[in-house]
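Chemist: I'd like to go over a predicted model; first the sequence, then the structure.
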Amino acid sequence: MITLQKGRTKVTINELGAEMKSFTVDGVDYIWTGDPQVWARSAPNIFPMTGGFRDDKYILEGKEYVMPKHGFALNSTFEVESQSETEAVFVLRESDDTLKVWPYSFEFRVCYKLDDEKITIDYKVTNKNGNTMYFSVGSHDGFATPEGIEDYDIIFPEKETLDSYTLFGNLIGEDKTRIITDSDTLSLKYDYFAVDALVFKDVKSQSLKLVNRNTGRGIELQFPNFPVLMVWTKPGAGYVCIEPWFGAPDDVNSNYDITNKFAIQKVLAGDTFTCTRVITALEGK
């Protein structure tokens, strides 16, 4: 376990999945503890695929591959490439096992930088092949809501009209449900998650706040340019996952061609794709 600390702020990160396991300010943890009786994860990094494929398979250049939901990074041990008191870089490279499910040579870096009450996380995906690499990447941070999510609002910096696309298992359909209309506030309800997650493809805002409306406690999340935003919890649980993705679940009518998948990303030979999110603790009253 790697520990970063600056002043009152402390972060712990597991080499397994390069997963943040705690983010505390004055001992108050803003990340879900990972209770195995509820949800054992805390803040997985999702790569090289976000969500699941139809029938857990995809086709690339005429060949069929099988990949589990959310890919393999969350269950892989990363190398600690560098570390200081306030920064750490974790890297994952291809192996015999990864090449069986995703035929690319790559470097996937998860870079943490700690500041006062704030953690910045960069994803860097480097294509080590001679051809274009197709992938998705995203976060699955579980934010602690010990009072229950129904005391919390998601507040956007601008007014949004948001429709959530219906999930059928791991797959996304065309049906959608209006969640908010011309509003900057989404008040959380467990009923939203009776089936699965909220799936938003059209969020204009590039940041949000998750705030307890009674105390002001919560977090601010910045996620510039991410095309998909997922929100998920288990009914009754004391956390909510807010998940900006460069990717999406597969379509119920997918033809399995990964190059046609909605929000699929591509990086050219030798290039590096980079994206960033920033989590800031809001201490409230």
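Modeler: Yep, that arrived.
Chemist: contacts and neighbour counts: CA atoms only from here.
Modeler: Fine.
Chemist: got the contact list for the residue most central in space within the chain?
Modeler: Centroid check for the chain by CA atoms, centre = their mean gives Ser139 as the closest residue, at 1.5 Å. Residues in contact with Ser139 (CA atoms under 8 Å, 6 or more residues apart in numbering) are Ala43, Pro44, Asn45, Ile46, Glu243, Pro244, Trp245.
Chemist: give the buried residues for the strand or helix carrying the fifth one.
Modeler: It refers to Glu243. Assigned by DSSP states H and E, Glu243 belongs to strand 239-246. For strand 239-246, burial by neighbour count (16 or more other CA atoms under 10 Å) applies to Tyr239, Val240, Cys241, Ile242, Glu243, Pro244, Trp245, Phe246.
Chemist: for stretch 47-67, same thing?
Modeler: By neighbour count on 16+ other CA under 10 Å, the buried set for stretch 47-67 is Phe47, Pro48, Met49, Thr50, Gly51, Gly52, Phe53, Arg54, Lys57, Tyr58, Tyr65, Met67.
Chemist: and those residues, which two are the farthest apart?
Modeler: For the buried residues of stretch 47-67, the farthest-apart pair by CA to CA is Phe47 and Arg54; their separation is 17.0 Å.
Chemist: in the chain, which spans are helices?
Modeler: 96-101 (DSSP state H).
Chemist: which residues of it score low on pLDDT?
Modeler: Low-confidence segments of the chain, defined by pLDDT under 70, are located at 285.
Chemist: from what I can see Thr185 touches Tyr152, true?
Modeler: No - in this structure Thr185 lies outside contact range of Tyr152 using CA atoms under 8 Å: 10.1 Å.
Chemist: who's more crowded, those two?
Modeler: Neighbour count, other CA atoms under 10 Å: between Thr185 and Tyr152, Tyr152 has more, with 24 against 19.
Chemist: so what's that one up against?
Modeler: Thr145, Ser187, Leu188, Leu210, Val211, Asn212, Arg213.
Chemist: count of neighbours near the nearest residue to the fourth one once chain neighbours are set aside?
Modeler: In space, Leu210 comes closest to Ile154 once its chain neighbours are excluded; the distance is 4.6 Å by CA to CA, 6 or more residues apart in numbering. With neighbours defined by other CA under 10 Å, the count for Ile154 comes to 19.
Chemist: over to Asp175?
Modeler: Neighbours around Asp175, by other CA under 10 Å: 10.
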